[in-house]
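Asker: predicted model, plus sequence, below.
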Amino acid sequence: MANIKHKVYEYVNITIGSFLVAVGVAYFVNPAKIASGGVSGIATMVYHTIGWNPGYVIFGLSVPLFLIGMKVFGKIYGFKSLLGTVLLSAFTSILVDISGGVGFLDYSEPLSVWLSALFGGVTMGAGIGFVMKGGANTGGTDIVAQILNKYTPLSLGTCLTLVDAIIIAASVFVFGIESALYAVTTVYITGMVIDKVALPLGANTAKTVLIISEKHDEISAVILNDLNHGATLISATGLYTGNDRPVVMSVVSNQEVAVLTAKVKEIDEKAFMIVQNANQVLGEGFIPMSKAINLKFGN
């Protein structure tokens, strides 16, 4: 029964989150011509140049990227992430049709664009945060960033920023420099709100995770195979029982904390999990050690 309630909770979060992201796109950033990164940014540019519904564009771009993500990363891109992608596309399409693509505000007033940048960022950030709490993601260009992270020495945060920066830079040629600056504002606000909704412990580069569970082998396999991160099994003894209590330690990015938490709960509801801020993470998958040395000595 508890497992069923947990599953329902996850799917409710994914549904609410996808709807909130769609509201941000349909009623704020798309009408204001703000291409705030991601597939929604591309969809906004396409809508205002060709006229295609942003929901259709999001679906058309996200599904192939989702399939590529499954090919590269395997099970991490499961049904829930596909559901998030499909729901976001459907909700966006419906809301754009309902609104007629004009949103809530009067864009003859300059303040309306600022309000759209602000509330679009808040709404989309909250939505993505809920989707992450459901153990999923909305796919899209996040998958491109994760692939870059896998095959380059760049951190995931750097890859996400790079992909968004390319899309925002492209929007300069469609909407102009002012719109691109609004987009930067929206992306920044979106990131802050995601951290508040999905990651209440803070918004550092990554998290150190300690997991105590009798099913430590299964949990370790998830970290190694699904998240493509390393892990360390630390020998420990329970003081109360005197029994061996191995501890799985790993460092994961902020974007992966919700996914890992959902996986651990699925494997062992009795697991004990500690999540701590990692102020600086050096090594493979994060900041290269060589780069850290260069930064330290100012080279």
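Answerer: Cool, the structure landed. Numbers count the residues shown, from 1 in each chain.
Asker: drop to CA atoms for contacts and neighbour counts, all remaining ones
Answerer: Fine.
Asker: for the residue in the chain sticking out farthest from the centre, give me phi and psi.
Answerer: Each residue of the chain has a distance to the centre, and by C-alpha atoms, centre = their mean the biggest one is for residue 242: 40.6 Å. When read as degrees, to the nearest 10, the backbone of residue 242 gives phi 80, psi 0.
Asker: how close does it get to residue 236?
Answerer: Using C-alpha to C-alpha, to the nearest Å, one obtains 10 Å as the distance from residue 242 to residue 236.
Asker: residues shared between the contacts of these two?
Answerer: Between them, residue 242 and residue 236 share no contacting residue under C-alpha atoms under 8 Å, 6 or more residues apart in numbering.
Asker: contact partners for residue 127?
Answerer: By C-alpha under 8 Å, 6+ apart, the neighbours of residue 127 are 16, 17, 18, 19, 20, 21, 194.
Asker: for it, give its distance to residue 107.
Answerer: 24 Å.
Asker: and the furthest pair within the contacts of residue 127?
Answerer: 19 and 194 (15.0 Å; C-alpha to C-alpha).
Asker: correct me, but residue 148 touches residue 159?
Answerer: Yes - with contact defined as C-alpha atoms under 8 Å, residue 148 reaches residue 159; the gap is 6.4 Å.
Asker: could you pull out the helices in the protein for me?
Answerer: Secondary structure of the chain (DSSP state H): helices located at 2-24, 38-49, 54-73, 79-99, 110-133, 141-151, 156-175, 177-198, 216-221, 254-267, 289-297.
Asker: can you list the low-confidence ranges for the chain?
Answerer: Filtered on pLDDT under 70, the chain yields the residue ranges 1-3, 73-78, 155-157, 198-205, 255, 278-299.
Asker: domain map for the protein?
Answerer: Domain assignment of the chain by automatic domain parsing yields the ranges 2-198, 206-278.
Asker: give me the distance between the longest one and the centre of its chain.
Answerer: The chain centre lies 9 Å from the centre of domain 2-198; the measure is C-alpha atoms, centre = their mean, to the nearest Å.
Asker: ok, now which ones touch the nearest residue to residue 88 once chain neighbours are set aside?
Answerer: Leaving aside its sequence neighbours, residue 88 sits nearest to residue 18 (C-alpha to C-alpha, 6 or more residues apart in numbering; 4.8 Å). Counting by C-alpha under 8 Å, 6+ apart, residue 18 touches 84, 85, 87, 88, 91, 127, 128, 131, 138.
Asker: how close does residue 18 sit to residue 173?
Answerer: 29 Å.
Asker: correct me if wrong: residue 144 contacts residue 67.
Answerer: No - between residue 144 and residue 67 there is no contact under C-alpha under 8 Å: 11.5 Å.
Asker: between the two, who's got more neighbours?
Answerer: Each of residue 144 and residue 67 has its neighbours counted (other C-alpha atoms under 10 Å); residue 144 has more, 19 against 15.
Asker: and the more buried one, how far is that from residue 152?
Answerer: 12 Å.
Asker: same question, residue 166
Answerer: For residue 166 relative to residue 152 (C-alpha to C-alpha), the value is 17 Å.
Asker: this completes my enquiry, with thanks.
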